[in-house]
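In: here is my input; please provide its structure:
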Amino acid sequence: MNSELRELFEIKREDEQKKTGPPADQNAASHILIRLTVMIIGTLAFAIVINDAKGWDGLALLMLMAVFHAVWLLFIIVEAVILQNKKKFTLRNINLIFILVLLLIYGIGGIFLFGFA
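Out: Numbering: from 1, shown residues only. Predicted coordinates:
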């Protein structure tokens with residue numbers, strides 16, 4: 001083959017490899033682990049403090065934990081929008097699944113707290 005054609009095919013093969021595989025900067029495992037770790041450590045820390053609280057302090061800390069969860073959920077939503085703009089669709093999908101799971105858990109907790117009606 002001609003050297004010019006060979007160069008053309010090599011460039012085309014590189015372009016196809018780039019399109020088919022996910023970008024190298026999208027590490028899904030660390031993305032999931034970081035978000036889950038922050039949520040679990042925050043919840044456990046609040047649970048330990050709430051367990052040691054006396055009187056109305058426990059209720060105040062419970063409300064503070066709800067604020068923590070709301071801010072964390074807002075952070076995940078904003079991050080999903082930013083990942084959409086950066087065209088990192090794998091990480092965006094992970095965030096969307098994480099949002100749906102959190103909303104499902106919050107919904108189940110709300111049903112048990114406020115009743116089935």
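
In: residues near the closest residue to Arg35 other than its chain neighbours, how many?
Out: Computed as CB to CB, 6 or more residues apart in numbering, the closest residue to Arg35 that is not its neighbour in sequence is Phe98, at 6.0 Å. All C-beta spots, glycine's among them, are computed from the backbone N, C-alpha and C. By the measure other CB atoms under 10 Å, the count of residues near Phe98 is 20.

In: tell me the SS of the residue nearest the centre of the chain?
Out: Ranked by distance to the mean C-alpha position of the chain (CA atoms, centre = their mean), the top residue is Asn95 at 3.6 Å. Following DSSP: H, G, I helix; E, B strand; the rest coil, we place Asn95 in the helix state.

In: wouldn't it be in contact with Glu79 here?
Out: Yes - using CB atoms under 8 Å, Asn95 and Glu79 qualify as a contacting pair, with a distance of 5.8 Å.

In: got the contact list for stretch 41-53?
Out: Gly58, Leu61, Leu62, Leu64, Met65, Phe68, His69, Trp72 (CB atoms under 8 Å, 6 or more residues apart in numbering).
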